[in-house]
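Chemist: just to be clear, the model below is a prediction. Sequence and coordinates:
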Amino acid sequence: MSFQRVVSFLKVYAGGAVAALIIATISRSIRWRYINSHGEQVRNIGGDAGLILFWHGRILMSPHTYWVFRGKRSAPPYMLISQHGDGRLIAFAVRLLGIRSVAGSSSRGGTRAVLEILKIVEKGSDVGFTPDGPRGPLHECKDGVALVAQRTGVPVYPMAYSTERHWQLRSWDRMIIPKPFSRGVAVVGNPIRISADEDREIARKRIQDALHEVTQQADQYWTAQ
């Protein structure tokens with residue numbers, strides 16, 4: 001094995017393990033509240049397999065909030081992760097947190113990924129998306145999610161979280177990193193169904209608006225207390 005491959009191996013697996021440990025440690029230190037779009041406390045909403053959506057900048061705590069909202073299911077959950085950049089590292093980190101991965105994005109490997117997702121959903125697994133990833137624009141939903149929702153017929157669950165105290169990076173996705181021992185809120189919106197004959201642009205806009213709503217609700221939660 002070449003030195004370059006050794007370095008790449010260490011970056012992926014050591015880095016992924018460290019990332020998973022940090023995510024798990026921070027998420028467990030936060031005093032969470034879990035609510036729906038009506039402000040009611042909810043956990044383990046159950047239901048059929050679905051597409052789980054959250055903005056790229058809210059990816060860090062998404063494994064934790066996913067398990068609370070969806071609970072343990074008969075089929076393992078998956079997440080669509082880009083093949084670009086640190087995708088392999090992220091894939092290994094989420095695998096340690098109990099979530100498998102599908103490689104692909106809107107700009108690379110998309111067609112193959114859609115076909116794989118269709119098979120995964122048919123087996124009863126949820127699939128997570130960051131519809132503005134992996135490169136943005138910020139909070140702009142690409143139409144791949146609407147396509148998958150139409151092809152599968154499964155509901156789309158918009159999710160978001162925010163914490164009372166956090167750091168916010170200056171990256172394109174304005175990623176939020178919760179400060180340990182802060183208070184946090186996770187919000188799940190009403191499931192969205194996209195019919196096979198719905199105009200895809202209208203469907204994309206509906207999904208995007210729903211994600212904006214739950215994200216705004218999470219961000220404004222603590223200022224409203």
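Modeler: Yep, it's here.

Chemist: for the lengthiest strand in the chain, the distance to its chain's centre please.
Modeler: In the chain, taking DSSP state E as the definition, the longest strand is strand 156-163. Distance of strand 156-163 from its chain centroid, counting by Cα atoms, centre = their mean, to the nearest Å, is 8 Å.

Chemist: now the helices: where do they sit in the chain?
Modeler: For the chain, the helices defined by DSSP state H occupy 3-29, 62-70, 87-96, 110-122, 144-152, 200-220.

Chemist: quick one: the first one to strand 156-163, angle?
Modeler: Angle of helix 3-29 versus strand 156-163, following axes from the mean of the first three to the mean of the last three Cα atoms, to 10 degrees, is 80 degrees.

Chemist: same thing with the fourth one?
Modeler: When the same axes, to 10 degrees is applied, the directions of helix 110-122 and strand 156-163 differ by 100 degrees.

Chemist: list the buried ones in helix 110-122?
Modeler: Buried positions in helix 110-122, judged by neighbour count with 16 or more other Cβ atoms under 10 Å: 113, 114, 116, 117, 120, 121. (C-beta placed from N, C-alpha, C; glycine too.)

Chemist: residue contacts, the spatially most central residue of the chain?
Modeler: The geometric centre of the chain, computed from its C-alpha atoms, lies nearest to residue 54 (Cα atoms, centre = their mean), at 4.4 Å. Taking Cβ atoms under 8 Å, 6 or more residues apart in numbering, we find residue 54 in contact with 62, 128, 129, 130, 158, 159, 160, 161, 211.

Chemist: distance check, the first one against residue 81.
Modeler: Right, residue 62. Residue 62 sits 12 Å away from residue 81, going by Cβ to Cβ, to the nearest Å.

Chemist: so where is this structure shaky, pLDDT-wise?
Modeler: Counting by pLDDT under 70, the ranges of the chain that qualify are 1-7, 83-85, 105-111, 224-225.

Chemist: pretty sure residue 116 contacts residue 102?
Modeler: Yes - at 5.4 Å, residue 116 counts as touching residue 102 under the criterion of Cβ atoms under 8 Å.

Chemist: how far away is the closest residue to residue 86 other than its chain neighbours from residue 91?
Modeler: The shortest distance from residue 86 to any non-neighbouring residue, by Cβ to Cβ, 6 or more residues apart in numbering, is to residue 15 (7.8 Å). Counting by Cβ to Cβ, the separation of residue 15 from residue 91 is 11 Å.
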